[in-house]
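[1] prediction below, plus the sequence it came from.
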Amino acid sequence: MNDLAQRIDDNIARVADFPQPGIQYKDITSLFQQPELCNEMVEAFAEFSRGKIDAVCGIESRGFLFGLLIAQKLNLPFVLVRKQGKLPPPTVAESYELEYGNATIEVQPQYIQNGQRFLVHDDVLATGGTAEATAKLIEKCGGKVVQFSFIAELEFLHGREKLNPFTTDIQSLVRY
Ligand SMILES: O=P(O)(O)OC[C@H]1O[C@H](OP(=O)(O)OP(=O)(O)O)[C@H](O)[C@@H]1O
Ligand SMILES: Nc1ncnc2[nH]cnc12
């Protein structure tokens with residue numbers, strides 16, 4: 001682990017058996033107690049994406065936190081992907097399976113331009129179902145997913161394999 005990864009790891013809280021027995025939940029919200037570390041993280045994310053994307057898509061809810069900061073840092077538009085029923089119409093939907101349960105997500109297609117190059121950002125890459133469904137949704141609306149970024153990747157769940165058909169340009173600051 002590099003120095004930044006080590007400090008992120010040190011500041012991610014672990015919660016056993018949440019939200020279901022057997023899941024070790026990585027609670028990234030503990031990072032927000034360390035504003036200087038968060039600034040460094042935003043810079044690391046921005047450096048990865050600078051000059052390569054036209055817009056950022058953040059996934060509800062914890063993908064909104066750094067997602068918007070990355071978009072602002074790069075002076076780019078930000079698009080929200082939300083769980084079903086939260087966004088006003090018109091919306092386009094996609095269903096997928098989670099590490100725990102399943103879900104449907106939605107986006108407002110009027111904020112996606114034909115050929116616009118997207119970074120999809122979220123806090124945790126687990127099975128990859130959420131990020132894969134998000135990429136499908138963006139591409140269904142005419143966008144092109146050219147990068148993914150995450151704070152933490154749970155490598156033992158092999159989520160990256162679901163994302164490789166879109167792009168192999170994938171950043172995760174910490175890997176488990
Ligand atoms: O790679 P996957 O197996 O799809 O899992 C990753 C997703 O799970 C978590 O979201 P969660 O559903 O807990 O929602 P939240 O961000 O609103 O807490 C996490 O924030 C990712 O969005
Ligand atoms: N173990 C985990 N911790 C935090 N977020 C998650 N999303 C899916 N699996 C997760």
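    Nice, I can see it. Numbers count the residues shown, from 1 in each chain. Ligands and ions are numbered 1, 2, ... in the order given.
[2] quick one: buried residues of stretch 103-116?
    Under the neighbour-count criterion of 16 or more other Cβ atoms under 10 Å, stretch 103-116 has Ile105, Glu106, Val107, Gln108, Pro109, Ile112, Gln116 buried. The way it works is simple: take the backbone N, C-alpha and C, and place the C-beta from them, glycine included.
[3] now do stretch 24-39
    Under 16+ other Cβ under 10 Å, the buried positions of stretch 24-39 are Tyr25, Lys26, Ile28, Leu31, Leu37, Cys38.
[4] any idea of the pLDDT on the second one?
    Model confidence at Lys26, expressed as pLDDT, equals 97.
[5] run a quick neighbour tally on the closest residue to ligand 2 within the chain.
    Nearest to ligand 2 in the chain, going by Cβ to the nearest ligand atom, is Ala126, at a distance of 3.5 Å. Residues lying near Ala126 (other Cβ atoms under 10 Å) number 21.
[6] show me what contacts it?
    Leu98, Glu99, Leu154, Leu157, Gly159 (Cβ atoms under 8 Å, 6 or more residues apart in numbering).
[7] widest-spaced pair of the residues you listed?
    The largest distance within these, taken as Cβ to Cβ, falls between Leu98 and Leu154 and amounts to 12.4 Å.
[8] so between those two, which is more surrounded?
    Leu154 (19 against 13).
[9] hmm, back to that, secondary structure and pLDDT added to the buried residues of stretch 103-116, as CSV?
    What follows is the buried residues of stretch 103-116, written out as CSV (DSSP: H, G, I helix; E, B strand; the rest coil; pLDDT from 0 to 100):
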residue, secondary structure, pLDDT
Ile105, strand, 97
Glu106, strand, 98
Val107, strand, 98
Gln108, coil, 98
Pro109, helix, 98
Ile112, coil, 98
Gln116, coil, 98
